[in-house]
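In: all I have is the shape, not the residue letters:
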């Protein structure tokens, strides 16, 4: 189950040092997006963003920025942490779309009923009187 407070995300976008002024340009672009807040930080080459997972994902935002010519920090630590975030956000969005299985509460009854109608292969070739001697 995904709780509403789990959908609100606060992330940092780490940009490469070159080209210059990437953070200022990205701040202008991201501030214009609906349901997304972008803030400058005291850290050099870093923007802080706040968004709802129903509206955006970090992967989508970063891919859009890269298509516009921005260069993200590709250090090992940031690369790994971004991929973990991508996976977690993708899984959360996927889980929001899954409905509960209708047999969840009576799964034992359903299993017993299905097995009762199923002809087991190991018993099919044995005569009924020999099935007890296994």
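Out: Nice, I can see it. None of the values given here were measured: they were computed from a predicted structure.
In: pull out the buried positions in the longest helix along the chain.
Out: Across the chain, the longest stretch assigned as helix under DSSP state H is helix 76-97. Counting neighbours by 16 or more other Cβ atoms under 10 Å, one finds that the buried residues in helix 76-97 are 82, 85, 86, 89, 92. In short, each C-beta sits where N, CA and C put it, glycine included.
In: which elements pack onto it?
Out: strand 8-14, helix 58-67 (3 or more Cβ pairs under 8 Å, 6 or more residues apart in numbering; DSSP states H and E).
In: just put the buried residues of helix 76-97 in a markdown table and tack on pLDDT.
Out: Listed next are those as a markdown table, based on pLDDT from 0 to 100:
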| residue | pLDDT |
| --- | --- |
| 82 | 93 |
| 85 | 93 |
| 86 | 94 |
| 89 | 91 |
| 92 | 87 |
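In: what's near enough to touch the residue nearest to residue 33 when sequence neighbours are not counted?
Out: Counting by Cβ to Cβ, 6 or more residues apart in numbering, residue 33 lies nearest to residue 56, which is 7.7 Å off, once chain neighbours are set aside. Applying Cβ atoms under 8 Å, 6 or more residues apart in numbering to residue 56 gives the contacts 33, 35, 36.
In: likewise for residue 59?
Out: 82, 85, 86, 89, 90.
In: go on, residue 15?
Out: Contacts of residue 15 (Cβ under 8 Å, 6+ apart): 22, 23, 26, 45, 46, 47, 70, 71, 72, 73.
In: name the residues that touch the helix or strand hosting the second one?
Out: Right, residue 23. Using DSSP states H and E, residue 23 falls within helix 22-31. Identification of contacts with helix 22-31 by Cβ under 8 Å, 6+ apart yields 13, 15-16, 36-40, 45-47, 49, 61, 65, 68, 70-71.
In: re earlier: adding distance to residue 127 and mean pLDDT, write the helices and strands packed on helix 76-97 out as a markdown table.
Out: Putting the helices and strands packed on helix 76-97 into a markdown table (distance: least, Cβ to Cβ, whole Å; pLDDT from 0 to 100) gives the following:
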| stretch | distance to residue 127 | mean pLDDT |
| --- | --- | --- |
| strand 8-14 | 65 | 92 |
| helix 58-67 | 61 | 91 |
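In: all good on my end, thank you.
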